[in-house]
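A.B. asks: please work out how this folds:
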Amino acid sequence: MSQDSASHEVPSATALNLVRGLLSDATAMARSGLASPADIDTAMRLGAGHPVGPLAFLRGLAPEVRARHDLAEPPAGSAVGDRTEEGTEAGAWNHAVGVAGTGTMASGITEGMVRAGVPTVVLARSRGSADRLVSAVTRSMDAAVAKGRLATSDRDGALSLLGTTMRPDDLAGCGHVIEAVAEHRDTKRELLARLDEALPAATVLATNTSSLTVGEIRADLPERRTVIALHFFNPRQGDEAGGGRRRRTGHDRPGHGMRLGAPHR
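C.D. replies: Down below sits the predicted model:
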């Protein structure tokens with residue numbers, strides 16, 4: 001997706017139709033407060049390799065071009081509605097997060113979240129798998145304490161934010177639920193279907209897939225459900241990288257270490 005800013009060449013109708021879904025989703029994502037326009041554009045440039053972000057692209061089109069092709073009006077600047085970028089982050093992450101899965105990736109994501117100060121509820125298939133995840137996260141943070149990388153009080157505070165359940169509807173209070181199960185299409189589809197049935201329509205579902213498309217994973221879900229690609233870069237337990245920070249101050253955000261894709265509905 002590109003536009004020649006020097007010549008102001010207008011993209012063809014075919015080209016605009018190809019990116020219409022992306023432009024619409026990016027606009028809806030910004031207006032919902034899930035991410036700021038600036039962050040959406042940055043994510044698509046750095047994460048997807050686009051030469052220009054979708055909202056910057058929309059702003060670069062003349063109003064009459066947008067109207068002629070029935071394209072969404074882009075949010076202005078970095079504001080989302082009446083909220084600042086800082087307010088947008090608060091609206092997106094100052095609530096509990098759900099993690100569906102108990103394997104290595106789920107354990108790393110969970111540790112990153114609770115160490116960032118985000119209450120996290122893990123959906124497990126059994127009490128045994130839930131207990132194993134809690135033990136893995138505890139051992140990892142104990143190791144960080146032993147190495148002087150984490151204060152004992154911070155470890156205890158992080159562990160107090162971790163809960164587990166075997167019931168999908170117990171995640172109803174979470175704003176986002178991240179699936180981190182086996183990299184099998186049918187497994188992920190079945191899990192997202194269970195989550196969609198159990199959770200409010202406003203809950204954002206996220207997939208941590210590294211090889212499947214969001215479209216094929218969410219193929220059986222209703223149009224109203226938002227699903228995003230949220231990729232963590234190898235969150236090693238006991239390490240502050242990969243989505244977690246010791247505390248949420250300044251720019252220490254759980255969004256660091258994530259790659260955010262456009263939402264699919």
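
A.B. asks: which residue ranges of the stretch 1-150 of the chain form helices?
C.D. replies: In the stretch 1-150 of the chain, the segments counted as helices under DSSP state H, counting those that start in this stretch are 13-32, 37-48, 54-60, 63-68, 85-93, 104-115, 127-146.

A.B. asks: to L212, which of these lies closest?
C.D. replies: helix 104-115 (14.2 Å; Cβ to Cβ). C-betas here are computed from N, CA, C, even on glycine.

A.B. asks: in terms of secondary structure, what does the closest one contact?
C.D. replies: With contacts taken as 3 or more Cβ pairs under 8 Å, 6 or more residues apart in numbering; DSSP states H and E, helix 104-115 sits against strand 97-100, strand 120-123, helix 127-146, helix 152-159, strand 227-232.

A.B. asks: R66 contacts F57, correct?
C.D. replies: No. Checked against Cβ atoms under 8 Å, the pair R66 and F57 is beyond contact range at 10.7 Å.

A.B. asks: more crowded one of the two?
C.D. replies: Using other Cβ atoms under 10 Å, the more surrounded residue of R66 and F57 is F57, with 24 against 17.

A.B. asks: please tell me I have it right and the more buried one contacts T27.
C.D. replies: No. Using Cβ under 8 Å, F57 is not in contact with T27, being 11.0 Å away.

A.B. asks: reformat the helices and strands packed on helix 104-115 as JSON lines; add distance to A219.
C.D. replies: Listed next are the helices and strands packed on helix 104-115 as JSON lines, based on distance: least, Cβ to Cβ, whole Å:
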{"stretch": "strand 97-100", "distance to A219": "18"}
{"stretch": "strand 120-123", "distance to A219": "21"}
{"stretch": "helix 127-146", "distance to A219": "27"}
{"stretch": "helix 152-159", "distance to A219": "36"}
{"stretch": "strand 227-232", "distance to A219": "10"}
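
A.B. asks: okay if I get these as a markdown table plus mean neighbour count, distance to T42 and mean pLDDT?
C.D. replies: What follows is those, written out as a markdown table (neighbours: other Cβ atoms under 10 Å; distance: least, Cβ to Cβ, whole Å; pLDDT from 0 to 100):
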| stretch | mean neighbour count | distance to T42 | mean pLDDT |
| --- | --- | --- | --- |
| strand 97-100 | 27 | 22 | 97 |
| strand 120-123 | 26 | 25 | 98 |
| helix 127-146 | 17 | 30 | 97 |
| helix 152-159 | 16 | 28 | 97 |
| strand 227-232 | 21 | 15 | 81 |
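
A.B. asks: between these, which one is closest to A38.
C.D. replies: For those, distance to A38 was read as Cβ to Cβ. The smallest value, 17.2 Å, belongs to strand 227-232.

A.B. asks: packing partners for the closest one?
C.D. replies: Applying 3+ Cβ pairs under 8 Å, 6+ apart, we find strand 227-232 packed against helix 104-115, strand 204-207, helix 214-217, strand 258-260.

A.B. asks: closest one to T42 among the ones you listed?
C.D. replies: Comparing those by Cβ to Cβ, strand 258-260 comes nearest, at 9.2 Å.

A.B. asks: all set now, cheers.
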